[in-house]
Structures are given as structure tokens and as C-alpha cells.
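**Q** Dropping the sequence and predicted coords here.
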Amino acid sequence: MFKNYLKTLFRNMQKNKLHTSINVVGLSVAFTCSILLMIMVYHEFSFDNFHDNKSKLFKLYHFANSPEGLDVRAGMAYPAATTIKAEGIGIEKSTRIKNRGKEVRYKDKMLEQSTLLVDDDFFSMFSFPVVKGVQQHPLANTDNVVLSEKTAGNLFGNEEPIGKAIEVKVGGVWISLIVSAILKDPPQNSSINYSVLARTEIDPDWAALKNVWTSQHHNVYVQLSNNTNQANVEKRMENFLEKYNPDDIEFLKNKGYKPDANGHYTGMRLLPVSDLHFNAEIGTGNRVSKPFLYILLLVALVIILIACFNFINLNIGLSFTRTKEMGIRKCLGAGKRQVWLQVWGESLVTVLAAMLIGIIATVILMKGFNKLMEAKFDAALLYQPAVILSLIVMLLLVSLIASGYPSYIMGKLKTVEILKGKISLKKPGIFRNALIVTQFIIAIVLICTTAIIYQQFQHLRKAPLGYTTESLVSIPLKQYEKGKDIVGKMRTLLAGQSGVVSVTGSDVNLGMGNDGSTNQTSYGFDYNGRSVNTNFMAVDYDILKTLNINLKEGRDFSTAYVADTTNAVIITESMAKLLGEKNVLGLSFYADSSAPKWNVIGVIPDFHLYSMYQKTEPLTICMNNKAFISYALIRVHTQNPTAAMDVIKNAYAQVEPGVEFRGSFVTENIDRWYTNEKRLSNMFSIAAIVAIVLSCMGLFGMAFIIIRQRVKEIGVRKVLGASVSGIATLVTKEFIKPVVIALLIATPIAWWAMYKWLQEFSYRINIQWWVFAVAGVVAVLIAIATVSFHAVKAALTNPVKSLRTE
């Protein structure tokens, strides 16, 4: 019997090549898209799940109840880790993690690698296995250092690294350390990444800051005891800051912060290590939002559903060409169960073939998918048990969904009526039209969301930031402690170049550079009873000229004023308002009692130093000789950006010889701020195209079936005088109605979804009505183009031939 079913299946496939092709191609495309998205989601959700005691690992963070809502930050003071561990509140282990260095060298070989400063508990808390050297407590001594396998290979080659002395650069100081162990490289799904690990105590700032609670600059991770949980420990931590840092609480009170239900203005809480990858504010590493991943799953689901709807519609249409076959089978004793199993089995084989094609296509397209989504996913994820199980479940569900209703229809038909040719169904077009409406609802929603996401992405990229981003180059400096000297030398070297307008430096990058770095510094202080909080930017001469920012009043930094390099500041208008003075020029005040007074020499308009996700905040710009300059900023004026970049690259090679040039245009840096929006835009664009193509394939197939069933009617109409255009319009109109209904339903859904999404942005576009109008027109035109081929073909058919055929 099974052999007979297979023969019937292949005969039907051969007989209905068009519909078989539509089903297999449609499902293959849907499976390819869905599997790629599923792999991406699986990889993202697997982050940090490899730690053996992940349920006990947490990241400490501060919370405070500001007038605008809950503020959270992860920065900790040096005493926090050891003090909270000694409190006896259920914390068994703790470690600081501070990214402090950028370089490491062995003999005459130097690598640009960041150094993480940690405590010895780090190795027993996290599951990063030691592959060579001291297995237990590899950083028991402060003069030890631990390397990753990759770093050890790059630094030592084939030489044995254990016991060798290397130097790491921490805070501008070279420190000699002994290699005690080699760690396995961190996996791709680790939020914590490392190349070089050393003890916290080697930080040049350690002696001055080890007992200071007000300087907060690193992360702290803790491991809870086995006999406690997160809620209990957080309850015991409620009074921790009041006990050890009461000055911070007084400062918050003066700024208008409010107490919570328990009377606490601020406190500490725990973030599970499993949430590090998903918390945008206090997470670690490259973060992604869970809603974004749920959107990916939703897109995968709707693409599969569209392909399933095609399958259902086409199978229902074709089922009426197989009624005699089913009637004979029933007459020979086949029951409803056997009929259902036959139809489901045929669907299962088709779906299985489509899934195998989809898996092969996934492997082939993985590289291109990684490039499009700016990711590094591996096809080996297909062999993960969870992914294999998901594929099996998907196979069974899709085959059941796709064959369920057609199987029900076929099993329900009465044998006598089938053999007599008297088959009737109540309102047979309702279910078909409902599926077409659903398909086009999904397609129109995706078209609208794609257009709005793209508009918002372009708005973020091109919105005026308050300074001229075009023709501006940013270069990360390796020797940032000598940044002022390097910038000065580059200014001299480029002075004779007609294409170079000005050169300056900053400790803050504009956008996210090729080195992947961005940073933010702020100061908080009291001024005449007012709480003042300002972002801070250390710069060099010509900063306003380079950024093309006009002064509102006052002057720029100048070599004619010696004091400019010690205490002169330029402030933004919002900072001037915070000070509350009518005339701020010449105003002097202390932002730090241990440093000279700030003297205001100029006021400039507010501008976006950071991304458009954040509102503009007060900013103070200072030119202090003691501040590090981490980036050179160069304004060019040229019609040939490539040539200008080559000139700058050559100049940089002279001031930092042997160092890789990582300069980039600021416009490129700004684009990197919005990588997620770009990924989302790309994803929805592809999803919209796939949804439209699949919907049209289904519509094309359905039009063929419906018109084939109406050949006699069309022939009679032609004999009675109907025109070709009239018949084509009549047939096309039947398929346009569901599309129009879909537009009416999809418009409010798309508007609501996009309105909610746009609320995440401080600066956002207004949703325009024409987006929905264009989406509707596009959908209707595509539907007309799809159906009209069969409609015109049927209208042109000789009525004598069609009536004779009937």
C-alpha cells in the first residue's frame, strides 16, 4: 500500500508540475529564511549559558530613583568587590573586571591587545578552562599574567610561554609580569572576552583609589552561596551604600531624586549573567534586545505561514481534480483515517523535500547572511540537538498545517456523491479568500514596517547633529598618553596640504570608530546650591574649527592664552542654563576640589556628542595638558576622499611608526551607532520581498486552478458576446477584493506596531499616511499583474475549444 501511495504521489507531481513547483519552491524559500533566522536567534539566546554555575553568577549594578525614572549604571568603586563579599550576605566570591590596557610585548614583538584587570576568584567563578600552566589560582600573585591561546600563539609562536616574562601597558605604564597559565579562547557566545588577564592591583591608580567610593570605573561580578538566592541577597544589600557611601545619597537628594517604597534613594541590585547579552544599559559586550530576537522569530513564523497558506490553497484546489480517485479508494474500503494519512503523507514528502533543499540553501547562503546581518554565525549550529529537534518539530507542524484542511475536506466527501459527480461545498471560496487575505495582511504589514524602519534609520544617520560630520576623519591613537604631542606633530605635517582644513584631538570619539570603541565621561558637582551634572570632553586646539561649530559668545581655545591649557572651558548652552547665571563668560568655579577652577571662555550651541538615542545633555569642553587625547580629528576639503585619506595615513605613519592605521570618516562611525537599525531594515526588506513573492506564487497558482474550473463559464460568456477585457476584469476582480480587505486590516496593525517601536527613540520621524497608500497600491498592482496573465489567457481561449473540452 505504501508503494502504491508513493506511485500516486509522483504521478500527481508529474501531472501538476506548476503547483508542485510552487509548493516546493515556496516552502524551500520559507524554510531557508526561517532556518537562517532560527540559527541567529538560537546563537543569541545561547550567550553565557556555558558557565557551569550560571544560575549563581550575577553582575552588580547601582540603581537610583531620579525625577525622570529609574537610573541604572554598572560602574563600581574599587572597595565594592571585597567589601560586599566580606559583608556575609550570601556572596561567596567576587571579582572586578576592568579594561585598562591596550598593548602587550615580549622581547621585540608587540601586540595591540586589551588587558583585563581581574581578581583571583575570576577563574573559579567563570567556566574558562585553563589549557596549560597553573590550574588553580593562576593569578594568586600580583606579578602573574594569564593569556588566551590566540594571544599566546601570536606573541610566542612555537616557544613555551609558561614562566616567561612579558610586559603589559596599563594606564600608560609598562609593567613586567610572569605568564602563569594559558586559557582557552572565549567562545563566540561569551559576553566576557579576554586576551590578557592580570591582577587589579597592578593598576597605577590602585594605591590612590583602592579606598575611594566616589570613583566608579569598572564592573563587579559575584557568585552567590548555594544556600541563598537573588531576592535574599538583594534584600540584604539594601543598606549597603548608605553604610559605605552616604555622601552619594546626599548628592542624589540635592539633585531631586526620590526615595522608593522602602525609603532608599539608591542601592545595589544583581543582574543575572544570562541577561548580560540582552541588557542595553548595564549588560556586557555586544548586546542585542530580546524584542529584536522575538521579531526575528515572528518574521520566520509569518514566512512559513504564508508558504503553508499557499500549500493549503493549492491542495484544496487540486483536491477537486482527485475526487474520483478518492471515491474509488473509499468504495474499495478506505476509511477517513486512510484518506487523511494518504493526503498527509503526500504533504509530508513534499515538505521534507523542501526542508532538505532549505537546509542545503542555508549552508550555501550562510556567508552572505553573515555579511548582510554583520554577524559571525556558523553552519555547524545546524547540528546542535536543539536545532535538530526544532527542525523535526517544524517539519511535522508544517506538514500537518498544510495538509490538515485539505485532508479533512477529502475525508468528508461522500462516496456516492463523488462517483455521481455531485460534489457540493458550502461557500467554498470563503476559506480560500481568508487565507489570501491573511497572506496579504502579512505582506502589506511587512512593506509598511520596512518603509518606516528605513525612514527612521535614514533620519538617525542624516539628522543634523550640531556639527558638520561630512569630510571629517577620526583616527584612534595608540599612544594616547602622548596624544597632544601626536596631534601637534600631525598638525605640522599636514599644514602644507591644501585639502586639510584643520587638525585637533579629543578623548571622545565621534561615533564608533574602526577600533570599536566609544566612551563617555561626566562630572557632577554643586554650584551655588544647584546640582550640576555635565558630560566632559578633553580636546586640543582648533576643536570648534574642526567640528565647524559657531560660538554663541566668547572665544575658542588659543595659543595666545597660556591658561587655556590648564583651566579654560567652553560650555554648551544647556550647561550655561544649569549654572543659572545671566552672564557665564569669565565665570570661575570648582568642579573638582582637588583640581584648578574652571574658567568659562566660550558658549556654543548644544550638539549631539552621542547617538540620537540619547537627548542632548550639558557638555563641558576642556583643554587640559594632563588629559589623554585618544583620537585625532581632521577636517578635510577635497573632491577625492580616498586621496585625502592616503595623505593623512602617510602623516600618521610618521608620528606613530609601525602602528596600524585605523582612521575612518565620522559619517562611517555614525553609521556604526545604528547597526541594529540597519540589520532590522535589511531583515524586514528581505522578509517583505519574500512575503510578496510567496503570496504572488500562491495567487498565481490559485488563479490557474480557479480559471481552469471556470473554463465552461468563460466559454459561454464569450459566445454570448462578452469582450476579452470584460472577462479579464471579471476574473481579476475576484482576487483583488481580498487584497483590498487585507489593506484595510493591515494599515492599523502596521501603524500601531511602528508607533510603539518609534517610542524607543528620543528623536523620531512622524509616520506619514502615504506609506500605507503606497503599500496598498503596490500590493494591488502586484496582485493584478499576477492574476491577469491567467485571466487574459482564459479570455483569449477559443470558446468552441473550451466548451468541447468540457
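**A** Cool, got the structure.
**Q** What residues sit buried inside stretch 87-103?
**A** 89-98, 100-103 (16 or more other Cβ atoms under 10 Å). C-betas here are computed from N, CA, C, even on glycine.
**Q** Equivalent analysis for stretch 290-298, please.
**A** 293, 295-296.
**Q** nearest to residue 24, of these?
**A** Set against residue 24, the nearest of these by Cβ to Cβ is residue 296 (24.8 Å).
**Q** Find the nearest non-adjacent residue to that closest one, please.
**A** residue 37 (4.8 Å; Cβ to Cβ, 6 or more residues apart in numbering).
**Q** Which helix or which strand is home to the most centrally placed residue in the chain?
**A** Nearest to the geometric centre of the chain sits residue 676, at 3.7 Å (Cα atoms, centre = their mean). Element membership for residue 676, per DSSP states H and E: helix 675-709.
**Q** Rounded mean pLDDT for that helix, please.
**A** For helix 675-709, mean pLDDT is 76.
**Q** what does stretch 309-327 give?
**A** On average, stretch 309-327 scores 65.
**Q** swap in stretch 433-449?
**A** 83.
**Q** go on, stretch 580-590?
**A** Stretch 580-590 comes out at a mean pLDDT of 85.
**Q** Check stretch 367-374 too.
**A** 79.
**Q** Contacts for that stretch, please.
**A** Applying Cβ atoms under 8 Å, 6 or more residues apart in numbering, the contact partners of stretch 367-374 are 36, 40, 375-377, 675, 678-679, 682-683, 686.
**Q** try 6 Å
**A** With contact meaning Cβ atoms under 6 Å, 6 or more residues apart in numbering, stretch 367-374 is reached by 36, 376-377, 679, 682.
**Q** Stretch 246-261 now?
**A** 64-67, 265-266, 531.
**Q** Any of those buried? List them.
**A** 64-65, 265-266, 531.
**Q** Now, those residues that are in helices?
**A** In helices, defined here by DSSP state H, there are no members of these.
**Q** ok, back up a step: among the contacts of stretch 367-374, which ones are buried?
**A** For the contacts of stretch 367-374, a burial check counting by 16+ other Cβ under 10 Å picks out 36, 377, 679, 682.
**Q** Let's have the residues you listed in JSON lines, adding distance to residue 585.
**A** JSON lines is the format used below for the buried ones among the contacts of stretch 367-374 (distance: Cβ to Cβ, whole Å):
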{"residue": "36", "distance to residue 585": "59"}
{"residue": "377", "distance to residue 585": "56"}
{"residue": "679", "distance to residue 585": "46"}
{"residue": "682", "distance to residue 585": "49"}
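**Q** rewinding a little: of the buried residues of stretch 87-103, closest to residue 223?
**A** When these are compared against residue 223 (criterion: Cβ to Cβ), the nearest one is residue 93, at 4.2 Å.
**Q** and that closest one, what are its bridge partners?
**A** residue 223 (DSSP bridges).
**Q** again, but for the one 4 residues further on
**A** Note on residue 97: beta-bridge partners residue 118, residue 219, judged by DSSP bridges.
**Q** Surely it is in contact with residue 219?
**A** Yes: using Cβ atoms under 6 Å, residue 97 is in contact with residue 219, at 4.8 Å.
**Q** hang on, the earlier thing: with pLDDT and distance to residue 361 added, can I get the buried ones among the contacts of stretch 246-261 in CSV?
**A** Shown next, in CSV, are the buried ones among the contacts of stretch 246-261 (pLDDT from 0 to 100; distance: Cβ to Cβ, whole Å):
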residue, pLDDT, distance to residue 361
64, 83, 51
65, 81, 52
265, 79, 57
266, 82, 53
531, 71, 59
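**Q** Can you find the helix or strand in this structure with the smallest mean pLDDT?
**A** helix 415-420 (a mean of 55; mean pLDDT, DSSP states H and E).
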